[in-house]
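Asks: A predicted structure for the sequence below; I have some questions about it.
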Amino acid sequence: MKRLLADALQKYHVWAAEHPDPTFAIWAFIKIFIILNVTLVVVSYLVWAERKICGRMQGRFGPNRVGWFGLLQPWADVVKLFFKEEFVPGSANKVLYSIAPALAIVPALISFSIVPFGPGLHVTDLNVGLLLFLAMSSIGVYAVTLGGWASNNKYALIGGLRSSAQMISYELAMGISTIGVLLLAGSLSMVDIVKAQEHTWFVAFQPVAFLMFMITAFAETNRTPFDLPEAESELVAGFHTEYSSMKFGLFFLGEYSNVITICSIAVTLFLGGWNGPWLPQSLKFLWFFAKLAVLVFVFVWARWTLPRFRYDQLMDLGWKVLLPVSIANVMLTAVVVYMRVPR
Amino acid sequence: MIPALFIGFSLLLLVSGLMVVLHKSPVTSAMFLVVAFCALAGIYILLHAEFIGMVQVIVYAGAIMVLFLFVIMYLNLGHDPEHGATILLRRLIGWIAGALVVLQGAMLFAGRWALGPTSTEAPPLGGNTQALGQLLYSRFLFPFEITSLVLLVAMVGAIVISKGRSTRTPDPIPHAPHAGLQAVLRPGDTVTPPTPPGGGEA
């Protein structure tokens, strides 16, 4: 039996050496499959966690009927969403109306391909990894813009326009706040950035950038206190007013997977990724997930603590505070890095 | 695998480019342009220009096209009523541009513009982002700075044009009526007090 296995492994290695392209494709597919499924399960449990935490914060129990502590609630929710009637408004632009929910979730999932969960635990290590994340977050804007426009509903349109204006404004500050980290690491590859933080996390050198990254992360994911695009007291439900069934579900999943993506990026850029004491190399990914859990908790915590901004306050904060501060931060970091690099 | 990907991205680019021109709905056209930009980014990445490819998506597909969509949605463009001289002029320009493209393609195929030396080997670790940055800030510093200056001038110009109009013409929705009145009043103008709603005399 052991010999058979060794033989098979030997044959595989020979075949892989002869066919590098298919081997690469197959391995990439397997990695993507695993990470995609883990992500989707984690996302559905994030919804559960949010409802549980929210319940506790408001002196309730949260979901506790389906399974122990309501642990099967996400499955019940997903099954319900699948079996709901799918209603498409008669005057909607059918094609764009259907594409928008997919656009909400696909960019967030693509961004996961560059997140290094642990040493060697990543789908791909692009040498422009961080730019891929920024590109995907800028593609994500189309989901809300198109969803709002294609529904042909005034609330949806206003929500979509608000959201795209907000995301474009905050994307700028977010991109610039990551430049400080790039200057320190000297690389755009996520793995290199994590390796550069082996001794000191970048949050120690870049506290302002970290704070700004987190603020813009709230705005990018349309979460409270920046959830004006779906402000229910004025816009019904914003851009997804006309969506039902699994199309609404995809917007919902997209929001939560965006939260996890952006927190993973924040952990990678500022909190040292998988770096941490005690654990052996093969278990370092636990550090990553611990840090991720803390950041995600902060997101949920903020949602049930802070009230919503007014629209002009939101734009003022983005353009008049975050953008100048992040540019100043970049200039300061650049000067310090330039002075310290031996020449 | 790389030639197959190249053909795939090029086909996607050509088809979506054609759809941008041929599709009747402006929003759908704009979305096809986004697809075209993404396909172009794919081709850049295949040519080992990862930085350009990603910036293509961030700047063109992500930022500029969203602003395009904004304009289209706000103006709510329906069918463009085409008539008379404009359509003739447009067709003429279209034919000239098309002829130029065909001519260019013919010259390319005739081998007058030979393709430059292409290397298939991967760039050194760290990618060519660093090389690009060093070139931009040393050899091409002057064009780089001039470009940024041109962009700055365009930005200031846009702000001046939009602000300059709003001080001369009164605000259509008078949030602050006094500010609106002051803008249109000149010394020597007579001011008639507005009649209160519902008839002031009664």
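Replies: Arrived safely, thanks for sending. Since this is a predicted model, take the numbers as computed values, not measurements.
Asks: can you point me to the longest helix in chain A?
Replies: helix A:20-57 (DSSP state H).
Asks: If you could redo that for chain B, that was the one I meant.
Replies: Per DSSP H, chain B has its longest helix at helix B:141-168.
Asks: Could you chop the chain up by domain?
Replies: Picking chain A for this. Under the assignment automatic domain parsing, the domains of chain A span A:1-71, A:84-340.
Asks: could you do chain B instead?
Replies: B:1-81, B:126-164.
Asks: Of these, which stretch is the most buried?
Replies: domain B:1-81 (a mean of 17; mean count of other CB atoms under 10 Å in any protein chain shown). Every residue, glycine included, has its C-beta placed from N, CA and C.
Asks: Do that domain and chain A come into contact?
Replies: Yes - using CB under 8 Å from any CB of the partner chain, we find that domain B:1-81 touches chain A at B:1, B:25, B:27-28, B:31, B:34, B:50-51, B:53-55, B:57-58, B:61-63, B:66-67, B:69-70, B:73-74.
Asks: what would the domains of chain B look like in a markdown table with mean pLDDT and distance to B:Met107?
Replies: Formatted as a markdown table, those follow (pLDDT from 0 to 100; distance: least, CB to CB, whole Å):
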| stretch | mean pLDDT | distance to B:Met107 |
| --- | --- | --- |
| domain B:1-81 | 84 | 19 |
| domain B:126-164 | 86 | 27 |
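Asks: For A:Leu228, find the nearest of these.
Replies: Closest to A:Leu228 of those is domain B:1-81 (CB to CB; 16.5 Å).
Asks: Residue numbers of the stretch 151-300 of chain A in contact with chain B?
Replies: A:157, A:161, A:164-165, A:168, A:171, A:175, A:187-188.
Asks: can we see that at 6 Å?
Replies: A:Ser164 (CB under 6 Å from any CB of the partner chain).
Asks: Now do the helices in the stretch 151-300 of chain A.
Replies: A:154-185, A:190-196, A:202-205, A:207-220, A:232-235, A:245-270, A:285-303 (DSSP state H, counting those that start in this stretch).
Asks: weakest of the ones you listed by average pLDDT?
Replies: Of all those, the minimum mean pLDDT falls on helix A:232-235 (a mean of 69).
Asks: Could you check how many residues crowd around the nearest residue to A:Val298 once chain neighbours are set aside?
Replies: Excluding the flanking residues, the one nearest A:Val298 by CB to CB, 6 or more residues apart in numbering or on different chains is A:Met214, at 7.5 Å. Per other CB atoms under 10 Å in any protein chain shown, the neighbour tally for A:Met214 reads 19.
Asks: Check what pLDDT A:Met331 gets.
Replies: Confidence score, pLDDT, at A:Met331: 91.
Asks: Now A:Trp301. Nearest residue, chain neighbours left out?
Replies: That would be A:Ile53: by CB to CB, 6+ apart, it lies 7.3 Å from A:Trp301.
Asks: quick one, what contacts residue 43?
Replies: I went with chain A, as the question did not name one. By CB atoms under 6 Å, 6 or more residues apart in numbering or on different chains, the residues touching A:Val43 are A:253, A:256-257.
Asks: nope, chain B please
Replies: So B:Ile43 contacts B:Phe9 (CB under 6 Å, 6+ apart).
Asks: what's the helix or strand for it?
Replies: helix B:26-46 (DSSP states H and E).
Asks: quick one: stretch A:267-280 to chain centroid distance?
Replies: The chain centroid and the centroid of stretch A:267-280 are separated by 18 Å under CA atoms, centre = their mean, to the nearest Å.
Asks: For it, which residues meet the burial criterion?
Replies: Buried residues in stretch A:267-280, counting neighbours by 16 or more other CB atoms under 10 Å in any protein chain shown, are found at A:267-276.
Asks: want to throw those residues into TSV with distance to A:Thr124?
Replies: Compiled in TSV, the buried residues of stretch A:267-280 are given as follows (distance: CB to CB, whole Å):
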residue	distance to A:Thr124
A:Val267	18
A:Thr268	14
A:Leu269	18
A:Phe270	22
A:Leu271	22
A:Gly272	21
A:Gly273	16
A:Trp274	17
A:Asn275	20
A:Gly276	24
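Asks: follow-up on the earlier one: which positions in the longest helix of chain A come out as buried?
Replies: In helix A:20-57, counting by 16+ other CB under 10 Å, buried: A:32, A:35, A:39-40, A:42-44, A:46-53, A:55.
Asks: Other residues contacting stretch B:24-41?
Replies: By CB under 6 Å, 6+ apart, stretch B:24-41 touches B:9, B:12-13, B:16-17, B:19-20, B:23, B:53, B:56-57, B:60-61, B:65, B:68-69, B:72, B:77.
Asks: Please save the CA atoms from it in CSV.
Replies: Provided in CSV are the C-alpha atoms of stretch B:24-41 (Å, rounded to 0.1, in the frame of the first residue of the first chain):
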residue,chain,number,x,y,z
LYS,B,24,-27.9,51.6,-28.3
SER,B,25,-28.1,52.0,-24.5
PRO,B,26,-25.4,54.4,-23.2
VAL,B,27,-25.1,52.7,-19.8
THR,B,28,-24.5,49.3,-21.4
SER,B,29,-22.0,50.8,-23.8
ALA,B,30,-20.1,52.2,-20.8
MET,B,31,-20.1,48.8,-19.1
PHE,B,32,-18.7,47.2,-22.2
LEU,B,33,-16.0,49.9,-22.1
VAL,B,34,-15.2,48.7,-18.6
VAL,B,35,-14.9,45.1,-19.9
ALA,B,36,-12.6,46.4,-22.6
PHE,B,37,-10.4,48.1,-20.1
CYS,B,38,-10.2,44.9,-18.0
ALA,B,39,-9.3,42.9,-21.0
LEU,B,40,-6.6,45.4,-21.9
ALA,B,41,-5.3,45.1,-18.3
